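**Q** What follows is a predicted structure for the sequence shown.
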Amino acid sequence: MRVVTWNINSVRLRAPSVRRLADEIAPDILCLQETKVVDELFPHDDLADLFPYRHVRGMKAYNGVAILSRVPFEETGGRDWCGRADARHVSVTFDGGVELHDFYVPAGGDEPNPDSNDKFAHKLQFLDEMAAWWRDRSGPRAKRILVGDLNIAPLENDVWSHKQLLNVVSHTPIEVDRLAQVQASHGWVDAARHFVPDSEKLYSWWSYRARDWRATNRGRRLDHIWVTPPLQKCLKSASVYADARDWPKASDHAPVVVDIEL
DNA sequence: ATGGCAGGTTATACCTGA
């Protein structure tokens, strides 16, 4: 089973890129973030032949998440966080009981100070609610997968310069600590780092602002795939499909790919 | 050291991204 997560930065603009991704790497399950479209206008017709099963939750202009699948799922869910109906979470349950959750964590604005920056306060609250929710959902033997744009690059080699990004939102110690609490709250295993050692650079996002993103390579690993301990031994491979960052009208995020033997 | 880009909007400047 190939699970892919991708911040697509507008699913209507890039529906053709979903087709190309399907052609090139054939995901069984594709989780999207920043779809930026209300459910009524989601491009179902463009994608139904590739992914007959779809659970989408969007809003106008901002955020929005979607799970597209070649294999059926039984139940669908997703909840609001921080008291806002802002389309940042959907979930599905597959035959056999494997749960999949797709998140889009708030970016957090510019200034890493929750007292002066409401967006950063929102990000921290979102992470705290996630940690509390997963802590309360007992069942360490449950088979669960959590994917998404978590908007945090936790490790030193998840960014191009640890020192230069220490005070930049996405890599500040306060966020990294909060994300570690989310991870610890349910025993989540970082699937990408299960295969790529911490000593090795690994990114999933490169800014649009670089003239040549590949040459400067100032990336960050903001997109993640986590699994619960019972699925750890099922992990077969993990990678970032950076080729997609070079496609015409590319998203600034590249897809993250994990193969799991379910 | 700085600034650089992109998507969406009852747009044609401004918000958000990170």
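**A** Received it, and whenever you're ready, just let me know what you need. Predicted model only: the values in this text are computed from it and were never measured.
**Q** Let me know the next secondary structure element after the biggest helix by length in chain A.
**A** Scanning chain A for the helix with the most residues, using DSSP state H, yields helix A:118-136. Sequence-wise, the next helix or strand downstream of helix A:118-136 (DSSP states H and E) is strand A:144-149.
**Q** Quick one: distance of that next one to the chain centre.
**A** Taking the mean of its C-alpha atoms, strand A:144-149 sits 6 Å from the chain's own mean (Cα atoms, centre = their mean, to the nearest Å).
**Q** What parts of the stretch 1-150 of chain A come near DNA strand B?
**A** Applying the criterion Cβ under 7 Å from any atom of the strand, the portion of the stretch 1-150 of chain A that neighbours DNA strand B consists of A:7, A:9-10, A:12-13, A:34, A:36-37, A:60-62, A:106-110, A:119, A:149. Where you see a C-beta, it was placed from the backbone N, CA and C, and this is true even at glycine.
**Q** hang on, the earlier thing: show me which residues of the longest helix of chain A are buried.
**A** By neighbour count with 16 or more other Cβ atoms under 10 Å, helix A:118-136 contains the buried residues A:120-127, A:129-131, A:134.
**Q** low-confidence ranges in chain A?
**A** By pLDDT under 70, the weakly predicted segments of chain A are A:140.
**Q** which residues of it fall in strands?
**A** Secondary structure of chain A (DSSP state E): strands at A:2-7, A:29-33, A:53-57, A:65-69, A:73-77, A:89-94, A:99-104, A:144-149, A:189-190, A:205-206, A:219-220, A:223-227, A:235-240, A:256-260.
**Q** highest average neighbour count across those strands?
**A** The highest mean neighbour count among those, using mean count of other Cβ atoms under 10 Å, belongs to strand A:29-33: a mean of 28.
**Q** Sheet partners, orientation included, of that strand?
**A** The pairing partners recorded for strand A:29-33 under DSSP bridges are strand A:2-7 (parallel), strand A:65-69 (antiparallel).
**Q** could you dump those to JSON lines with distance to A:Thr228?
**A** Putting those into JSON lines (distance: least, Cβ to Cβ, whole Å) gives the following:
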{"stretch": "strand A:2-7", "distance to A:Thr228": "14"}
{"stretch": "strand A:65-69", "distance to A:Thr228": "18"}
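**Q** do you know which of those lies nearest A:Pro229?
**A** strand A:2-7 (17.0 Å; Cβ to Cβ).
**Q** tilt between the closest one and strand A:99-104?
**A** Direction vectors for strand A:2-7 and strand A:99-104, defined by axes from the mean of the first three to the mean of the last three Cα atoms, to 10 degrees, enclose an angle of 20 degrees.
**Q** Show residues contacting strand A:2-7.
**A** Residues lying outside strand A:2-7 but in contact with it, judged by Cβ atoms under 8 Å, 6 or more residues apart in numbering, are A:21, A:25-34, A:100, A:102, A:104, A:145, A:147-149, A:205, A:222-225, A:241, A:244, A:251-260.
**Q** hmm, which of the residues of the stretch 1-150 of chain A next to DNA strand B are the buried ones?
**A** With neighbours counted using 16+ other Cβ under 10 Å, those contain these buried positions: A:7, A:9-10, A:34, A:36-37, A:106-109, A:149.
**Q** what are the phi and psi values for the residue of the stretch 1-150 of chain A at minimum distance from DNA strand B?
**A** Proximity to DNA strand B, evaluated over the stretch 1-150 of chain A using Cβ to the nearest atom of the strand, is greatest for A:Ser10 at 2.9 Å. Geometry field for A:Ser10 lists phi and psi as phi 100, psi 100, criterion degrees, to the nearest 10.
**Q** so what's it up against?
**A** A:Ser10 sits next to A:34-37 when contact means Cβ under 8 Å, 6+ apart.
**Q** ok, back up a step: now, the buried ones among the residues of the stretch 1-150 of chain A next to DNA strand B that are in helices?
**A** Checked against DSSP H, these include nothing in helices.
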